[in-house]
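*Asks:* Whatever this is, show me its structure:
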Amino acid sequence: MRDDMFKVIVERPRCGRAWAVKSKARYDRLPERSHVTGRRLALEVGSTKGLNENLAPLKRYLHKQVGRPWDKVFSEICATLDTGSTVKQHVREHIEDFIMVKVGVAADGSFYGSGHWGGKPLAPPMWWQELYVDPKDGLIKRTDKLCRKLRVPNQRDHWRERAKARWQAEWTHPDLIRRDGGQRFLAKLKGCWFEIETDRPPCLNAPDLIAAFASTQIGEAAAKWQIVSKRQLSKKALKAEGLSNG
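*Replies:* Alright, predicted model coming up:
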């Protein structure tokens, strides 16, 4: 593990800066209490900053260690992320979000594992972690390969395909084509195709976006973006795009 991994992981600013209390709010107005700090401030005010780590480098590091003994890898992690810092300790708690460490073997030879939050032991198809520690040799291995070896579906792939199908249902439409990162669109409105450009990508699903393009006024849900240009496609443009008006 690189020596500056800690800086790479925690370089992202902490969340909650916009609503966290200022230093003046630490002073209590009651005469018998002139100053409020630390845990008492968090309990009484309730608006403090939170942690916001960038855990992608840690995930990439773990994936590069496939085939290595987990004990050696964890020793390298401990050398960089020691327990002397609260933030470093918090980052170490996220390790088991990416790798199933507590893996055992049942009497019938099947694998089971449990996360760092405890709970009922789960079979490999239910593991969300992409990596696991093989209890037989202590090496880091891929969960998807284990599922293929056992000829069982991986729950992670199931939810990923389900989310992809839902995204396609909400964000794709036969009368809407997205271009240029979601700021230029080809939309079929009342049987005719239009080229529409917005000042920023609208955060709307396909049916609501078509309704907003067809309306002369943008509703409150789309108040953060505006239509920059809107023109009907010519016959030449329709032929080039392979489209036709209704």
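
*Asks:* which parts of the helix ranked longest in the chain are buried?
*Replies:* Ordering each helix of the chain by length in residues (DSSP state H) puts helix 155-171 first. Of all the residues in helix 155-171, those buried under the rule 16 or more other Cβ atoms under 10 Å are Gln155, Arg156. All C-beta spots, glycine's among them, are computed from the backbone N, C-alpha and C.

*Asks:* before we move on, what about stretch 234-243?
*Replies:* For stretch 234-243, by 16+ other Cβ under 10 Å, it's Leu238.

*Asks:* ok, Ala106 touching Gly113?
*Replies:* No: if you go by Cβ atoms under 8 Å, Ala106 and Gly113 don't touch, sitting 11.0 Å apart.

*Asks:* So if I had to pick from these two, which one is more boxed in?
*Replies:* Gly113 (21 against 10; other Cβ atoms under 10 Å).

*Asks:* my read is the more buried one is in a strand, agree?
*Replies:* Yes: counting by DSSP: H, G, I helix; E, B strand; the rest coil, Gly113 is part of a strand.

*Asks:* Surely it touches Met100?
*Replies:* Yes: here Gly113 reaches Met100: they are 4.4 Å apart, a contact under Cβ under 8 Å.

*Asks:* What distance do you get for Phe98 to Leu55?
*Replies:* Plainly put, Phe98 is 8 Å away from Leu55 if you go by Cβ to Cβ, to the nearest Å.

*Asks:* The two: which has the busier surroundings?
*Replies:* Comparing Phe98 with Leu55 by other Cβ under 10 Å, the one with more neighbours is Phe98, at 18 against 15.

*Asks:* And for the longest helix of the chain, what's in contact with it?
*Replies:* Pro125, Met126, Trp127, Trp128, Glu130, Thr143, Asp144, Asn205, Ala206 (Cβ atoms under 8 Å, 6 or more residues apart in numbering).

*Asks:* mind checking how far stretch 124-139 is from the chain centre?
*Replies:* Counting by Cα atoms, centre = their mean, to the nearest Å, stretch 124-139 is centred 22 Å from the centre of its parent chain.

*Asks:* buried ones in it?
*Replies:* Buried positions in stretch 124-139, judged by neighbour count with 16+ other Cβ under 10 Å: Pro124, Pro125, Trp127, Gln129, Glu130, Leu131, Tyr132, Val133.

*Asks:* care to break the chain down by domain?
*Replies:* The chain breaks down into these domains under automatic domain parsing: 1-7+55-168, 172-236.

*Asks:* With distance to Leu243 and mean pLDDT as added columns, please give the ones you listed in JSON lines.
*Replies:* Compiled in JSON lines, the domains of the chain are given as follows (distance: least, Cβ to Cβ, whole Å; pLDDT from 0 to 100):
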{"stretch": "domain 1-7+55-168", "distance to Leu243": "20", "mean pLDDT": "83"}
{"stretch": "domain 172-236", "distance to Leu243": "5", "mean pLDDT": "82"}
